[in-house]
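[1] with the input below, show me the fold.
(chains A and B)
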Amino acid sequence: DQQVKQNSPSLSVQEGRISILNCDYTNSMFDYFLWYKKYPAEGPTFLISISSIKDKNEDGRFTVFLNKSAKHLSLHIVPSQPGDSAVYFCAASEDNDMRFGAGTRLTVKP
Amino acid sequence: DTGVSQNPRHKITKRGQNVTFRCDPISEHNRLYWYRQTLGQGPEFLTYFQNEAQLEKSRLLSDRFSAERPKGSFSTLEIQRTEQGDSAMYLCASSLGRMEETQYFGPGTRLLVL
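    As a prediction, the model looks like this:
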């Protein structure tokens, strides 16, 4: 069962514009949400996270928004840079479990 | 410390053989996680350790899969009687504390079962 879904396999944006990556989940018991970035031939690297008690967390160019009623979170990257081109995974955790989405490949064009 | 390391980086084996992968976490991290990632999917959580104690193993894919962390430092993941469906990237991660704490991933071991 896919408890965390990223419905867009790919996204292409122009350098300097906003990138918005979306993620939906089904398990209301998830209490922490994370975004990871992955470059080819490397393991995923942590980007930003948010607790279920918050609705927004910002770190530099990256902002994560959480809408608990809709069971939806999104990652905003502003402004997007070519170096942001990677696969982005959404993840959700509760107690002894961590679930990842299938990923969205972001391409930022110069 | 340069991060989480995994060995080997690549493994090709014949169906029915046993394989063992090693993960060395960041030294001060007491939690260690194993994941499997197949093409086009995100990492799939398998098991994790806090120090030498394996706290969750119900997500291991079958009884052919086992993991150990005997001294609370490095860990091994063994797959017995490999099947072609076991072909995947096996990722290890470590963290300081709870599940939601930042997990630092290694580069993974890519397994191909012929």
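
[2] so what pLDDT did the residue nearest to A:Ala92 when sequence neighbours are not counted get?
    Sequence neighbours aside, A:Phe30 is the residue nearest to A:Ala92 in space, at 3.9 Å (criterion: CB to CB, 6 or more residues apart in numbering or on different chains). Bear in mind the C-beta positions are built from the backbone N, C-alpha and C, glycine included. Listed pLDDT for A:Phe30 reads 93.

[3] please apply the same query to the one 3 residues further on.
    Confidence per residue is given as pLDDT, and for A:Phe33 that number is 96.

[4] can you count the residues close to it?
    As a burial measure, A:Phe33 scores 25 neighbours (other CB atoms under 10 Å in any protein chain shown).

[5] beta partners of it?
    Bridge pairing for A:Phe33 (DSSP bridges) gives the partners A:Ile50, A:Ala92.

[6] you'd agree it is up against A:Phe89?
    No - the pair A:Phe33 and A:Phe89 fails to qualify as a contact (CB atoms under 8 Å) at a distance of 11.3 Å.

[7] pretty sure B:Val19 contacts B:Pro8?
    No - B:Val19 is not in contact with B:Pro8 according to CB under 8 Å; the separation is 9.4 Å.

[8] which residue is the nearest non-sequential neighbour of the residue nearest the centre of chain B?
    Nearest to the mean C-alpha position of chain B, by CA atoms, centre = their mean, lies B:Trp34 at 3.3 Å. Once flanking residues are discounted, B:Trp34 sits nearest to B:Leu46: 4.4 Å by CB to CB, 6+ apart.

[9] with just CA atoms, put whichever strand or helix holds the one you found into PDB.
    Secondary structure assigned from DSSP states H and E places B:Leu46 in strand B:44-50. Below are the C-alpha coordinates for strand B:44-50, written out as PDB (Å, rounded to 0.1, in the frame of the first residue of the first chain):
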ATOM      1  CA  GLU B  44      11.400   1.100   1.200                       C
ATOM      2  CA  PHE B  45      12.100   0.800   4.900                       C
ATOM      3  CA  LEU B  46      13.200  -2.700   6.000                       C
ATOM      4  CA  THR B  47      14.500  -2.600   9.500                       C
ATOM      5  CA  TYR B  48      16.400  -0.500  12.100                       C
ATOM      6  CA  PHE B  49      18.600  -0.700  15.100                       C
ATOM      7  CA  GLN B  50      19.200   1.400  18.100                       C
END
